[in-house]
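> The amino acid sequence is not available; the structure is as follows:
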């Protein structure tokens, strides 16, 4: 999974207020970038996009979270450090994504482990791992934890919020004049009736989580399972807009940004339609969007999509 993020507000405490009025673009790619050789097609394309489309932030999947909270990554500081330095030379901020997969849906066929965040040692291990990744030279952390323990009535929402607060506390040190960035991917919510029978959606307490992060990213792209479950409960064509409005309402007064996840070319709804929907259906100015892609190399945005994104930057 890969993504592109557009934000209207600066992510870094040391950025001036003047620069905060400009929307910014970021890319989310796999960790293969850290292993590719100089001159490879992936690097050349990435570097071209960074320079031609005003890319400011790069989110890279870098570490899988094991069931005990430790991380699995085969890329060390010796490989990551020089690449991060190269990207910094382009003026981009590089964020390490920590991925926790394997949602626990009782009564379903979805396989895989789920993190038991009731265990203090699991939360502690995740927070320590996040702080360790910062020492690689990353500018921040993004938590993409999509597997938490559930029963038939609820999932571990309060425990997830506690985890986010512990990660924030662990990485909340000033490095080179700024505090590391923290964001979270969350299941999309609209407040619609479909959530009543869907505890894995309801567990995400946007307002509580937003107190500890720089940004929340509701995963509203329509390839997501919850699109098919909940999109029919809002007016069709208004799904992404409904998610955006719910999130903006939820984070008011917290200072967190909302960077709504919108579809890539592999999904039912086009990227350009989603951008138009956000522009016309959200009740207030949205700070940014996150375009999820599945393979940076094989699922390139076409020129029309880049044009739509560039227009969104200045709209």
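Yep, it's here. What you see is a predicted model, and the numbers here were worked out from it, not measured in a lab.

> Remind me which helix or strand the closest residue to residue 271 other than its chain neighbours belongs to.
Distances taken as Cβ to Cβ, 6 or more residues apart in numbering put residue 305 closest to residue 271, at 5.1 Å, once the chain neighbours are dropped. C-beta here means a position set from N, CA and C on the backbone, and glycine is covered the same way. Secondary-structure element containing residue 305, defined by DSSP states H and E: helix 303-314.

> Could I get the buried residue list for that helix?
For helix 303-314, the neighbour count (16 or more other Cβ atoms under 10 Å) marks 305-306, 308-309, 312-313 as buried.

> Same question for stretch 135-155.
For stretch 135-155, by 16+ other Cβ under 10 Å, it's 136-150, 155.

> For these, work out which two are farthest apart.
Greatest spatial distance among these (Cβ to Cβ): 137 and 150, at 36.0 Å.

> what's the spacing between the residue nearest to residue 271 and residue 49?
Residue 305 sits at a distance of 12 Å from residue 49 (criterion: Cβ to Cβ, to the nearest Å).

> What ranges does the stretch 51-200 of the chain have for its strands?
Secondary structure of the stretch 51-200 of the chain (DSSP state E, counting those that start in this stretch): strands at 55-65, 71-72, 93-100, 140-145, 181-186.

> any chance of these in CSV, with mean pLDDT and distance to residue 244 too?
Formatted as CSV, the strands of the stretch 51-200 of the chain follow (pLDDT from 0 to 100; distance: least, Cβ to Cβ, whole Å):
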stretch, mean pLDDT, distance to residue 244
strand 55-65, 83, 19
strand 71-72, 86, 31
strand 93-100, 88, 22
strand 140-145, 92, 19
strand 181-186, 92, 13
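
> got JSON lines for those strands, with distance to residue 86 too?
Putting the strands of the stretch 51-200 of the chain into JSON lines (distance: least, Cβ to Cβ, whole Å) gives the following:
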{"stretch": "strand 55-65", "distance to residue 86": "11"}
{"stretch": "strand 71-72", "distance to residue 86": "23"}
{"stretch": "strand 93-100", "distance to residue 86": "10"}
{"stretch": "strand 140-145", "distance to residue 86": "18"}
{"stretch": "strand 181-186", "distance to residue 86": "19"}
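
> For residue 252, which of those strands is the nearest?
Across those, residue 252 has its closest neighbour in strand 181-186 (16.3 Å, Cβ to Cβ).

> So which elements touch that closest one?
Secondary-structure packing of strand 181-186 (3 or more Cβ pairs under 8 Å, 6 or more residues apart in numbering; DSSP states H and E): strand 93-100, strand 140-145, helix 157-171, helix 206-210, strand 215-218.

> Distance to residue 61 added to those, as a markdown table?
Putting these into a markdown table (distance: least, Cβ to Cβ, whole Å) gives the following:
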| stretch | distance to residue 61 |
| --- | --- |
| strand 93-100 | 5 |
| strand 140-145 | 8 |
| helix 157-171 | 17 |
| helix 206-210 | 21 |
| strand 215-218 | 14 |
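
> Good, we can wrap up now.
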